[in-house]
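J.: Return atomic coordinates for the entry below.
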Amino acid sequence: MVLELKETRVDGETVYDGPFLKVERDRVRLPDGSSSHREFIRHPGAVVILPLLPSGRVLLERQFRYPNGQVFIEFPAGKIDPGEDHLDCAKRELEEETGYTAASWRFVCTIHNAIAYSDEHLELFLAEDLTEGQQRLDEGEFLETFSATVPELLEMVRRGEITDVKTIIGTFWLEKILSGSWTPT
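T.: Below you'll find the predicted structure:
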């Protein structure tokens, strides 16, 4: 017997409507007919760039993340603007955050990084044939770039120096892509 797992929205309200995030509180009908509440964050989605330098090293960022009060090692990434094409967003974010542009782009995958409390999705792209240019950070954005090899990245993940989920998943994808085991679309 297959259990129907879908929950159906009965009604709800926006608890917080900010310029970036929205918090919703919905009443839902559960599969057994009872009701419950779901609180969740609406997020516009983001892109993540896996930038592979001509040397084979990977371009990364160090950035302070306020909610966790620490500097994180991450791949370049950024929020998708309303109506913005995902690849166009990836190209824009790579250039703004790092100064680099890429001649070759491939879509890798979509990940949902916080499924219990957010509808956020991340679109991962592999950027190759990079050319260095001028960084154009947003106002109030501060980060530094550096590069590492994929084995170094894997070791940073193993040691717990990289804990950002998009960067961990991107690192595993890069390992598979560079070994020839997986091919992005």
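J.: Next up, phi/psi of the residue nearest to residue 104 when sequence neighbours are not counted, please.
T.: Using CB to CB, 6 or more residues apart in numbering and skipping residues adjacent in sequence, the residue nearest residue 104 is residue 128, 4.2 Å away. Every C-beta, even on glycine, is put in place using the N, C-alpha and C of the backbone. Phi and psi for residue 128, reported as degrees, to the nearest 10, are phi -130, psi 170.
J.: what's the answer for residue 156, then?
T.: Taking degrees, to the nearest 10 as the convention, residue 156 sits at phi -60, psi -40.
J.: ok, now residue 92?
T.: When read as degrees, to the nearest 10, the backbone of residue 92 gives phi -60, psi -50.
J.: any idea how far it lies from residue 86?
T.: Distance of residue 92 to residue 86, given as CB to CB, to the nearest Å: 11 Å.
J.: would you list every one of the strands in this protein?
T.: All strands of the chain, identified by DSSP state E, fall at 8-17, 22-29, 35-42, 46-51, 58-65, 70-74, 77-79, 101-111, 122-131, 144-148.
J.: deepest of the ones you listed, which one?
T.: Among these, strand 46-51 has the highest mean neighbour count (mean count of other CB atoms under 10 Å), at a mean of 25.
J.: Remind me what the longest helix anywhere in the chain packs against, helices and strands.
T.: The longest helix of the chain (DSSP state H) is helix 165-179. Other helices and strands packing on helix 165-179, by 3 or more CB pairs under 8 Å, 6 or more residues apart in numbering; DSSP states H and E, are strand 46-51, strand 70-74, strand 101-111, strand 122-131, helix 150-158.
J.: starting at the chain centroid, how far to the third one?
T.: What that stands for is strand 101-111. Its chain's C-alpha centre and that of strand 101-111 lie 12 Å apart, by CA atoms, centre = their mean, to the nearest Å.
J.: Find the nearest non-adjacent residue to residue 52, please.
T.: Closest to residue 52 by CB to CB, 6+ apart is residue 128, at 5.0 Å.
J.: How much space separates that neighbour from residue 177?
T.: Counting by CB to CB, the gap from residue 128 to residue 177 is 10 Å.
J.: What of residue 93?
T.: In terms of CB to CB, residue 93 sits 20 Å off from residue 177.
J.: higher neighbour count, these two?
T.: residue 93 (21 against 18; other CB atoms under 10 Å).
J.: for the more buried one, what are its contacts?
T.: By CB atoms under 8 Å, 6 or more residues apart in numbering, the contact list for residue 93 reads 47, 49, 76, 77, 78.
J.: Ok, which of the strands of the chain comes nearest residue 169?
T.: strand 101-111 (5.8 Å; CB to CB).
J.: Thank you, goodbye.
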